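S.K.: Structure of the sequence below:
(one chain, ligands or ions: 1)
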Amino acid sequence: MGDSFGKLFRVTTWGESHGPAIGVVVEGCPPLLPLVCKENSAAGIKTLACPEIQKELDRRRPGQNELVTPRQEADVAHILSGIFEGKTTGAPISAMAFNSDFKSEDYDVFKQTDRPGHAGFTYRAKYGIYDYRGGGRSSYRETWGRVFAGAIAKKILKKLGIEVLAYVAQVADIEAHIDPNKVTMKEIEASPTRCPHPASAKLMEELIEKAKQEGDSLGGVVGVIVKNMPIGLGEPVFDKLDADLFKALKSIHATKSVEIGAGSEAATLKGSEHNDPFAVDRSGKIHPLTNKAGGVLGGISTGENLILRVTFKPTATIRKPQSTVTVSGKKTILEGAGRHDPCVLPRAIPTVEAMTALTLVDHYLRDAAYSAFVKR
Ligand SMILES: Cc1cc2nc3c(=O)[nH]c(=O)nc-3n(C[C@H](O)[C@H](O)[C@H](O)COP(=O)(O)O)c2cc1C
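M.R.: Modelled structure (predicted):
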């Protein structure tokens, strides 16, 4: 059912929104990566807690402010394998977190009526069964494991000097005019919206609050920037770096499109406007002077910053009454039940960073096979 991602750095997630726990297995992590851990315990078993990984999971946690779902989950990662004496061993790293604050009875209404815009309709048609309690695997809770694995991937990238950042660039019609190359983590985390432009962040916050009061929801755009990229990541045909990033980012729930560089604007530019001319820098290296390509040419990284944009739709579950039909075809009026994010963008940020980091580490490990033969 497509629960795994990556070729050499391989991540598998498991668990449902209202099941007892959610979890992840990370295969292919290089040994000797320092990950300081403390002792923890779960269900009478000794486990490990890693503050560095937990920090990323806390950024994704529900209930962190008024702009997100009020569901309260501690989301503490219990690490079960793959880390010994504060270092990765090269063995599979597995971890889990318990689900504690779920109210499945709130979802009884979705037993007979699928939410317009949500996954119930297609899950039921394909499998003949759907875990309507919190949406099962279609819930954002599934991404806990991605963010756990992404924290390890980000640590590997940091060792290589590479930084991955995602930020909210637009909510509904409020667009923050930002130079992605200048965005910092501190600016992103300064607002609950995760928009690094304070004036726009304030307007976005007010708009999300308003939509929440009205029982409605909003979409928007997330920007991604990867700094200090090496040249040469990505394969030229089916596994282009940008193609794999598109798949990774589009696999996040509620995404509608992914663009790189000039993106769809390229359609209106002339070649003379879109091409990035090459120049020689002070160290004698050739590189593109501008970056309309967004950091990839021919499926392979140019060494310039990666620049991407991901569009998210408005949250499917809304409190406003919607005219629809039950699974047996009877006309009904559906009013959303359960607890939901009025705008998914602020909480999507850690997962966008995680999926970007996972794709880059996977390609970095794949590229290492060539580095013995090719001098760059
Ligand atoms: C951060 C985040 C939070 C989400 N929270 C909700 C939510 O509270 N309610 C909801 O109906 N959908 C939510 N979703 C979206 C659904 O998971 C998604 O729309 C659904 O599975 C249908 O899949 P699709 O939109 O990718 O086609 C969330 C998505 C993200 C990225």
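
S.K.: need the residues of this protein near the ligand, please.
M.R.: Neighbours of the ligand within the chain, by C-beta under 6 Å from any ligand atom: 69, 118-119, 135, 138-140, 252-254, 313, 315-317, 340-341, 344, 347-348. (C-beta placed from N, C-alpha, C; glycine too.)

S.K.: Can you say which of these are buried?
M.R.: Neighbour counting over these (16 or more other C-beta atoms under 10 Å) leaves 69, 118-119, 135, 138-140, 252-254, 313, 315-317, 340-341, 344, 347-348 as the buried ones.

S.K.: and the residues of the chain next to the ligand, which of them are in helices?
M.R.: The helices, defined by DSSP state H, take in 347-348 from the residues of the chain next to the ligand.

S.K.: Which of the residues of the chain next to the ligand fall in strands?
M.R.: Among those, no member is found in strands (DSSP state E).

S.K.: from what I can see F246 touches T255, true?
M.R.: No. Look at F246 against T255 with C-beta atoms under 8 Å: they stay out of range, at 9.9 Å.

S.K.: now the strands: where do they sit in the stretch 151-300 of the chain?
M.R.: Remark: strands assigned in the stretch 151-300 of the chain by DSSP state E, counting those that start in this stretch are 163-171, 174-175, 220-227, 255-260, 278-280, 286-288, 296-297, 300-301.

S.K.: okay, those in CSV with mean neighbour count and mean pLDDT next?
M.R.: CSV is the format used below for those (neighbours: other C-beta atoms under 10 Å; pLDDT from 0 to 100):
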stretch, mean neighbour count, mean pLDDT
strand 163-171, 25, 98
strand 174-175, 18, 98
strand 220-227, 24, 98
strand 255-260, 18, 98
strand 278-280, 10, 96
strand 286-288, 14, 94
strand 296-297, 20, 98
strand 300-301, 20, 98
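
S.K.: can I get these in JSON lines with distance to E16?
M.R.: Shown next, in JSON lines, are these (distance: least, C-beta to C-beta, whole Å):
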{"stretch": "strand 163-171", "distance to E16": "26"}
{"stretch": "strand 174-175", "distance to E16": "34"}
{"stretch": "strand 220-227", "distance to E16": "25"}
{"stretch": "strand 255-260", "distance to E16": "21"}
{"stretch": "strand 278-280", "distance to E16": "51"}
{"stretch": "strand 286-288", "distance to E16": "45"}
{"stretch": "strand 296-297", "distance to E16": "36"}
{"stretch": "strand 300-301", "distance to E16": "36"}
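
S.K.: Tell me which of these sits nearest to G329.
M.R.: Smallest distance to G329 across the strands of the stretch 151-300 of the chain (C-beta to C-beta): 28.2 Å, for strand 255-260.

S.K.: What strands line up against that closest one, and which way round?
M.R.: If you go by DSSP bridges, strand 255-260 pairs up with strand 306-312 (antiparallel).

S.K.: now the strand it pairs with against strand 163-171, angle please.
M.R.: Counting by axes from the mean of the first three to the mean of the last three C-alpha atoms, to 10 degrees, strand 306-312 lies at 40 degrees to strand 163-171.

S.K.: Let me see the mean pLDDT of stretch 263-276.
M.R.: Per-residue pLDDT over stretch 263-276 has a mean of 98.

S.K.: Keeping just the C-alphas, turn that stretch into PDB.
M.R.: Extracted C-alpha coordinates of stretch 263-276, given in PDB (Å, rounded to 0.1, in the frame of the first residue of the first chain):
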ATOM      1  CA  GLY A 263       7.600  27.000 -11.800                       C
ATOM      2  CA  SER A 264       4.400  27.600 -13.900                       C
ATOM      3  CA  GLU A 265       5.600  31.200 -14.500                       C
ATOM      4  CA  ALA A 266       8.100  29.600 -16.900                       C
ATOM      5  CA  ALA A 267       5.300  29.200 -19.400                       C
ATOM      6  CA  THR A 268       5.100  33.000 -19.900                       C
ATOM      7  CA  LEU A 269       8.800  33.700 -20.100                       C
ATOM      8  CA  LYS A 270      11.000  33.800 -23.200                       C
ATOM      9  CA  GLY A 271      14.200  31.700 -23.300                       C
ATOM     10  CA  SER A 272      16.200  34.900 -23.000                       C
ATOM     11  CA  GLU A 273      14.400  35.700 -19.800                       C
ATOM     12  CA  HIS A 274      14.300  32.200 -18.300                       C
ATOM     13  CA  ASN A 275      17.800  30.900 -19.000                       C
ATOM     14  CA  ASP A 276      20.400  31.200 -16.100                       C
END
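
S.K.: Fine by me, we can end here.
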